[in-house]
Every structure is written in C-alpha cells, then in structure tokens.
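K.L.:
need coordinates for the below:
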Amino acid sequence: MKKRWMQIGISLTLSLLGPWAQAWAIEDPSSDSFLIGQVSQELADYLKSAPVKKRHIYTLEPHKGNHMLILHQIAGDPSVIAGQDQELHFQFSIKKNLISGPYFPLYFAFSQRSWWQVFDGPSSRPFRENNYNPEFFLYWEGRWIFDDILIGLWEHQSNGETTRFDETGTAVNFSRSWDRSYLQAKWSSPNGRWWTEPKVWNIWDSGKESLADNPDIHDYHGPGQLRAGYYETGLRIEGFWRYGVKGGLTSQLDLKWSHRCFSEGVLIHAYLFNGYGESLIDYNRHLTKIGLGFSLE
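P.N.:
Numbering: from 1, shown residues only. Predicted coordinates for the structure are as follows:
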C-alpha cells in the first residue's frame with residue numbers, strides 16, 4: 001500500500017512534465033515504471049483536455065480598461081498639486097470571480113489611475129496623483145435585454161494622500177476619498193456595433209466626517225454617469241458623460257483603432273476630456289485635456 005501511494009505521488013510529479021511523461025511507459029506491463037507511466041499519461045491527458053477555467057485558477061480579467069497616454073492640458077484651472085501641463089497617464093484594471101453561480105456571482109476588482117510627471121526631470125519626475133479603486137460587485141451576463149448587469153456592493157476610491165506643505169510652508173490637505181454602491185447595466189444593438197452603459201450610484205458617506213476631505217464631490221460627479229460607444233472592425237469610439245449641479249456637464253471622448261505596426265490587442269488611443277473630476281485631487285477643478293497613447297483590448 002505504501003509503495004502504491006509512492007507510485008501515485010511520483011506520477012503526479014511526472015504529470016507536470018507533460019509529453020516527457022510518456023517516456024516512462026516502457027513495454028514491460030509488470031514493471032513499476034509502466035504503472036507510473038500509465039497513471040502519469042492519464043493525468044497528462046486530463047490536464048490537456050480540461051477546460052481553460054479549470055486549469056488557469058489564477059486568471060485575471062480586464063475590468064475598466066487598460067491604457068497609457070501622454071496628456072496635455074490645453075485649458076482650465078491649475079491642478080491643486082502644481083506640475084507641468086504634460087504628463088504620462090496610465091490606468092490598469094483587473095477583476096476576479098470569487099463566488100460562481102447564478103444567484104451570488106461575486107467579483108472583486110481593483111483599478112488604479114496614475115498621473116506621472118515623467119517630463120519634469122528637475123523635480124525628480126514625481127507622481128502627481130494616484131487614484132486607487134477597489135470594489136466588490138455582483139455580475140450577471142446575458143440577462144433579459146442586457147449584455148451584463150452589475151450591482152456594486154461596495155466601491156471605494158481614494159488617492160492615498162494626507163497633508164502636504166505648499167511652497168509657502170502652509171499645510172494643505174490633499175486627501176480625497178468616497179465610498180458608494182451602484183447599479184450598472186450594458187445594452188448592445190442587435191448587430192453588436194452600438195452599445196450604451198448607464199451607471200447610477202449612492203454615496204455612503206454623504207454628509208459624514210469621512211467625506212470631509214471632499215464634502216461636495218456629489219455636486220461635481222452627480223448621481224451617475226452614461227457611457228456609450230460604437231464598435232467597427234479595427235475601430236472603437238467611446239463617449240462618457242456625467243452631470244453635477246456645480247460642475248455641469250463633464251464629457252470624455254476616446255477613439256481607439258488598430259494598426260498593423262502594433263501587436264494584436266494593442267490599439268492606438270486618442271483622448272479628449274472636458275469637465276470636472278478627471279482625478280480625485282482635481283474633482284472640483286475644470287480641465288480640458290487631450291492625449292495620445294495606446295490601449296490594451
């Protein structure tokens with residue numbers, strides 16, 4: 001019995017060798033090596049034929065998009081944190097299914113957006129702003145007329161800042177954060193080219209001390225947002241809008257297209273933003289920016 005368990009243990013190790021495990025299947029059926037090779041080959045065949053989701057346990061999926069852009073501010077208010085008008089902006093966003101099933105399909109996602117003063121060599125190229133965005137949500141795909149439905153159980157966004165001192169030595173609070181729950185749904189046209197995605201939210205800490213760093217963020221971000229777009233072979237056109245009682249209309253336009261110079265899944269990305277809240281630190285600053293870079297699809 002002990003020998004049998006040792007054989008199985010060795011076979012599990014050999015299964016990781018894939019095709020090389022076949023070398024153990026020698027012609028003598030009575031030998032231990034033949035038994036090990038036979039079990040190893042069965043395991044190797046199973047792993048080869050197993051569904052991708054079973055074999056890649058740690059697979060992460062894209063969530064809100066991944067891109068890198070060179071931005072240039074062409075108009076608007078100066079940032080709370082002084083810097084050059086040109087900077088490098090990038091976003092990465094991933095999600096992972098924690099609980100499967102039709103009733104409680106729980107996901108965790110993390111997104112980060114950063115604004116890097118990469119061209120400011122004299123100031124040691126600092127990161128002007130980072131926004132961290134973890135969230136837990138329920139996700140249903142293909143329900144009713146919608147492509148997908150998300151119920152955000154908890155979405156947090158903050159910039160990880162505390163108090164800094166400006167050029168005059170005055171203490172300035174640069175901390176920004178808010179928490180919310182949300183409902184989001186995506187609908188596409190029958191041909192799949194047109195789509196729209198409204199999102200409405202409820203701010204948890206409105207009027208509370210935890211929102212003291214940015215007590216009027218709701219007046220600039222509003223109660224929700226709308227995204228819409230058009231897909232064509234090699235081309236993506238996406239728009240983004242939200243409205244706040246103080247900020248008025250904020251809009252963003254993204255153009256993405258493929259080019260033979262880039263690898264598959266890499267798109268050229270042109271960007272235009274006009275309004276409030278491009279970043280948390282500037283949630284109440286009106287900015288107009290253009291950008292150019294690439295996105296990953």
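
K.L.:
what sits against Gly265?
P.N.:
Residues touching Gly265, when contacts are defined by Cβ atoms under 8 Å, 6 or more residues apart in numbering, comprise Leu296, Glu297. To be clear about C-beta, it is placed using only N, CA and C from the backbone, and glycine gets the same treatment.

K.L.:
so what touches the host helix or strand of Phe90?
P.N.:
Phe90 is part of strand 86-99, with elements assigned from DSSP states H and E. Judged by Cβ under 8 Å, 6+ apart, the contacts made with strand 86-99 from elsewhere in the structure are 60-72, 105-119, 128, 133, 139, 291, 293.

K.L.:
what do you get for stretch 226-245?
P.N.:
Contacts of stretch 226-245 (Cβ under 8 Å, 6+ apart): 192-199, 218-222, 224-225, 249-258, 267, 275-277, 297.

K.L.:
now that stretch: buried residues?
P.N.:
By neighbour count, with 16 or more other Cβ atoms under 10 Å as the criterion, the buried positions of stretch 226-245 are Arg227, Ala228, Gly229, Tyr231, Arg236, Glu238, Phe240, Trp241, Arg242, Tyr243, Gly244.

K.L.:
can you verify the second one is assigned to a strand?
P.N.:
Yes. Read with DSSP: H, G, I helix; E, B strand; the rest coil, Ala228 is one of the residues of a strand.

K.L.:
filter the contacts of stretch 226-245 down to the buried ones, PyMOL style.
P.N.:
For selection in PyMOL, the members of these meeting the burial criterion (16+ other Cβ under 10 Å) are listed in this command:
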select buried, resi 195+197+199+218+220+221+222+224+225+250+252+254+256+257+258+267+275+276+277
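
K.L.:
so which of the contacts of stretch 226-245 sit within strands?
P.N.:
194-199, 224-225, 249-257, 267, 275-276 (DSSP state E).

K.L.:
list the contacts for Ser188?
P.N.:
When contacts are counted by Cβ under 8 Å, 6+ apart, Ser188 is found next to Asp147, Trp194, Trp195.

K.L.:
tell me the one of these nearest Ser181?
P.N.:
Comparing the contacts of Ser188 against Ser181 with Cβ to Cβ picks out Asp147 as the nearest, at 21.1 Å.

K.L.:
these two touch, right, the closest one and Gln184?
P.N.:
No. Asp147 is beyond contact range of Gln184, at 11.1 Å (criterion: Cβ atoms under 8 Å).

K.L.:
Phe146 sits in which helix or strand?
P.N.:
Secondary-structure element containing Phe146, defined by DSSP H and E: none, the residue being outside all helices and strands.

K.L.:
burial of it, as a residue count?
P.N.:
Counted by other Cβ atoms under 10 Å, the residues lying close to Phe146 total 16.

K.L.:
ditto for the one 4 residues further on
P.N.:
Number of residues near Leu150 (other Cβ under 10 Å) recorded here: 20.

K.L.:
picking that back up, which of the contacts of Ser188 sits closest to Asn284?
P.N.:
Trp195 (30.8 Å).

K.L.:
so in terms of bridging, what pairs with Ala270?
P.N.:
Going by DSSP bridges, Ala270 is paired in beta bridges with Leu255, Leu292.

K.L.:
so what strands line up beside the strand holding Phe90?
P.N.:
Looking at strand 86-99 with DSSP bridges, its paired strands and their directions are strand 61-62 (antiparallel), strand 66-76 (antiparallel), strand 106-116 (antiparallel).

K.L.:
tell me which residues in the last one are buried?
P.N.:
Meaning strand 106-116. Buried positions in strand 106-116, judged by neighbour count with 16+ other Cβ under 10 Å: Tyr107, Ala109, Phe110, Ser111, Arg113, Ser114, Trp115, Trp116.

K.L.:
what is the most widely separated pair among these?
P.N.:
The largest separation in the buried residues of strand 106-116, counting by Cβ to Cβ, is between Tyr107 and Trp116 at 28.4 Å.

K.L.:
tell me which residue is most central in the protein.
P.N.:
The residue lying closest to the centre of the chain (Cα atoms, centre = their mean) is Ser93, at 1.5 Å.

K.L.:
which residues does it form a beta bridge with?
P.N.:
With DSSP bridges as the criterion, the beta-bridge partners of Ser93 are Ser111.

K.L.:
pretty sure Leu128 belongs to a helix, no?
P.N.:
Rather than Leu, residue 128 is Arg. No. Going by three-state DSSP, the assignment for Arg128 is strand, not a helix.

K.L.:
ok, it touching Gly83?
P.N.:
Yes. With contact defined as Cβ under 8 Å, Arg128 and Gly83 form a contacting pair (4.7 Å).

K.L.:
shared neighbours of the two, which are they?
P.N.:
Contact with both Arg128 and Gly83 is made by residues Gln117, according to Cβ under 8 Å, 6+ apart.

K.L.:
alright, I will stop here.
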